[in-house]
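**Q** Pasting a predicted model and its sequence here:
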Amino acid sequence: MKLRAIALAVLTLAATPAWSAEPIQPIPAFKPKNPAMVELGKKLYFDPRLSKSGFISCNSCHNLSMGGTDNLETSIGHNWQQGPINAPTVLNSSMNMAQFWDGRAKDLKEQAGGPIANPGEMAFTHELAVDVLNSIPAYRAEFKKVFGKDKANIDMVTDAIAAFEETLVTPDSRFDKWLKGDKKALTKTELEGYKLFKDSGCTACHYGPAMGGTSFQKMGLVAAYDTKSKAEGVAGLTGKDADRMKFKVPTLRNIEMTYPYFHDGAVWTLEEAVDIMGRLQLGREYNKDEIARIVAYLKTLTGKQPDFKLPILPPSTNDTPRPKPFE
Ligand code: HEC
Ligand code: HEC
């Protein structure tokens, strides 16, 4: 009887992951269900011909060499237009409960149609973007292979882009190794930083595998955030006063790479971002040493970046509509 109880306890222990007591879980690796669709989506993600100028692709603002962002306060759109808000990373974005700072797109597929037709971003129309693709036989062949239809449509385009984006996960950060039981993966300072992060309540909002993307929260809970940005957050959608300055909690994965910070991109250093979060969200003033420890911890959240061969795009044909970069 006693032996059986011990055996059971051992079995339960083996089945319980090392991180079960933590508010944060490791990022799981992703295995695509449809590799051909992912390959097509990758091409579309890098193809600037989905923009009016023929110059701006998804990768222009979500640069996969730079943590899936543009590292600018706000993005530069068609005709050098100044964007209204900071570009969030596309890395691990499939884990978001909704897309955009205010969550106005329900998933990656719905989101992907937005920038192509946004006059301040790629400034094209869905019809023209699809015309460009259908004028290129190599693209048509690839759409046929993936979707079994002779002609591309915007639904297929957004399906393929979303399928590619789902692969953009960043597992195996040093912190994830620590979560999985490699106690040497973090230094003493980094571990102290994690304890401070957890014990002071940062994980009330930054939890789960992506450490964000799971709730909308008010920026400036304890004290107001001083910003020049006109973005109102969720209130822009609902019109409700209670939703003013409520934003989707951003992921903290790869945070060392995705500066500048916050929806207005006004903060360039992690030290300042941590100081602001402490004061505005938790009513807590960290000293320099505490900030340094939390920042050291945050830098262990950089995972394995997506790694693939740069896609080679099929050339345009005589029938492909020409780009209009200066209109
Ligand atoms: C001109 C710059 C620009 C281009 C081009 C662009 N984006 Fe974005 N993207 C942004 C900005 C800015 C936001 C945030 C907008 C907001 O929340 O209101 C964003 C948001 C997103 C999000 C939501 C992430 C999150 O955490 O909420 C995803 C996903 C995304 N873009 C994917 C794409 C894809 C796919 C393309 C190509 C079809 C694309 N973007 C093209 C600037 C750009
Ligand atoms: C009450 C919820 C909440 C708590 C608690 C909280 N955060 Fe945040 N965090 C947010 C929200 C919301 C944003 C986005 C705010 C914005 O952009 O205006 C954010 C943004 C950030 C960013 C910038 C991310 C980016 O990509 O722009 C960092 C870094 C960050 N938080 C770290 C922390 C740390 C460290 C703590 C603990 C000291 C903490 N947060 C506590 C809700 C919270």
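**A** Sure thing, it's come through. Ligands and ions are numbered 1, 2, ... in the order given.

**Q** give me the number of residues near Gly265?
**A** 21 (other CB atoms under 10 Å). (Each C-beta comes from the backbone N, C-alpha and C, glycine too.)

**Q** thinking it is in contact with Leu72, fair?
**A** Yes - using CB atoms under 8 Å, Gly265 is in contact with Leu72, at 6.7 Å.

**Q** Identify the contacts common to the two.
**A** The contact sets of Gly265 and Leu72 overlap at Asn86 (CB atoms under 8 Å, 6 or more residues apart in numbering).

**Q** Show me what from this protein comes close to ligand 1.
**A** Counting by CB under 6 Å from any ligand atom, the chain comes close to ligand 1 at 56, 58, 60-62, 75, 77, 83, 85, 87-88, 90, 93, 96, 99-101, 108, 111-112, 115-116, 121-122, 161.

**Q** now the residues you listed: which count as buried?
**A** 56, 58, 60-62, 75, 77, 83, 85, 87-88, 90, 93, 96, 99-101, 108, 111-112, 115-116, 121-122, 161 (16 or more other CB atoms under 10 Å).

**Q** what number of residues lie near Ser135?
**A** Neighbours around Ser135, by other CB under 10 Å: 16.

**Q** And the strands in the stretch 1-150 of the chain, which stretches?
**A** 76-77, 81-82 (DSSP state E, counting those that start in this stretch).

**Q** Burial-wise, tell me which of the ones you listed comes out on top.
**A** Across those, the average number of neighbours (mean count of other CB atoms under 10 Å) peaks for strand 76-77, which reaches a mean of 20.

**Q** Direction included, what does that strand pair against?
**A** According to DSSP bridges, strand 76-77 forms sheet pairs with strand 81-82 (antiparallel).

**Q** And the partner strand, how far out from the chain middle?
**A** Centroid separation for strand 81-82 versus its chain: 22 Å, with CA atoms, centre = their mean, to the nearest Å.

**Q** Give the rounded mean pLDDT of that strand.
**A** Average pLDDT, strand 81-82: 94.

**Q** residues making contact with it?
**A** Residues contacting strand 81-82 (CB under 8 Å, 6+ apart): 74, 76, 120.

**Q** Which of those residues sits closest to Lys149?
**A** Nearest to Lys149, judged by CB to CB, of the contacts of strand 81-82 is Gly120 at 31.4 Å.

**Q** Count residues in the vicinity of the closest one, would you?
**A** So Gly120, with other CB under 10 Å, has 15 neighbours.

**Q** isn't it right up against Pro84?
**A** Yes - the pair Gly120 / Pro84 is scored as a contact, 7.4 Å apart, by CB under 8 Å.

**Q** how close does Thr258 sit to Lys228?
**A** Thr258 is 21 Å from Lys228, where distance means CB to CB, to the nearest Å.

**Q** Just want to know which of those two has more residues nearby.
**A** Higher neighbour count among Thr258 and Lys228: Thr258, with 23 against 6, using other CB under 10 Å.

**Q** Now do the phi/psi pair for whichever residue of the stretch 201-327 of the chain sits closest to ligand 1.
**A** Closest residue of the stretch 201-327 of the chain to ligand 1, CB to the nearest ligand atom: Lys248 (6.0 Å). The phi and psi values for Lys248, taken as degrees, to the nearest 10, are phi -60, psi 130.

**Q** need the contact list for the residue nearest to Phe124 when sequence neighbours are not counted.
**A** Spatially, and ignoring its direct neighbours in sequence, Phe124 is nearest to Lys52 (4.6 Å; CB to CB, 6 or more residues apart in numbering). Shown in contact with Lys52 (CB under 8 Å, 6+ apart): 78, 122-124, 128, 323-325, 327.

**Q** May I ask which of these has the most neighbours?
**A** Phe124 (27 neighbours).

**Q** so how far is Trp178 from that residue?
**A** Counting by CB to CB - Phe124 and Trp178 are separated by 45 Å.

**Q** Pull the number of nearby residues for Thr170.
**A** Neighbours of Thr170 using other CB under 10 Å come to 25.

**Q** next one: the one 10 residues further on
**A** Burial of Lys180, expressed as a neighbour count using other CB under 10 Å, amounts to 14.

**Q** shouldn't it be in contact with Pro28?
**A** No - proximity of Lys180 to Pro28 does not meet the contact threshold set by CB under 8 Å, at 11.3 Å.

**Q** Please flag which of the residues of the chain next to ligand 1 sit within helices.
**A** Those of these mapping onto helices are 58, 60-61, 108, 111-112, 115-116, 161, per DSSP state H.

**Q** what about the closest residue to Pro306 other than its chain neighbours, how many neighbours?
**A** Nearest residue to Pro306, sequence neighbours excluded (CB to CB, 6+ apart): Leu168, at 5.1 Å. Leu168 has 21 neighbours, counted by other CB under 10 Å.

**Q** Pass me the low-pLDDT residue ranges in the stretch 51-200 of the chain, would you?
**A** Within the stretch 51-200 of the chain, no stretch has pLDDT under 70.

**Q** So which bits of it are right by ligand 2?
**A** 197, 200.

**Q** The residue of the stretch 201-327 of the chain closest to ligand 1 and Cys202: what is the separation?
**A** For Lys248, the distance to Cys202 - CB to CB - is 16 Å.

**Q** Great, nothing more from me.
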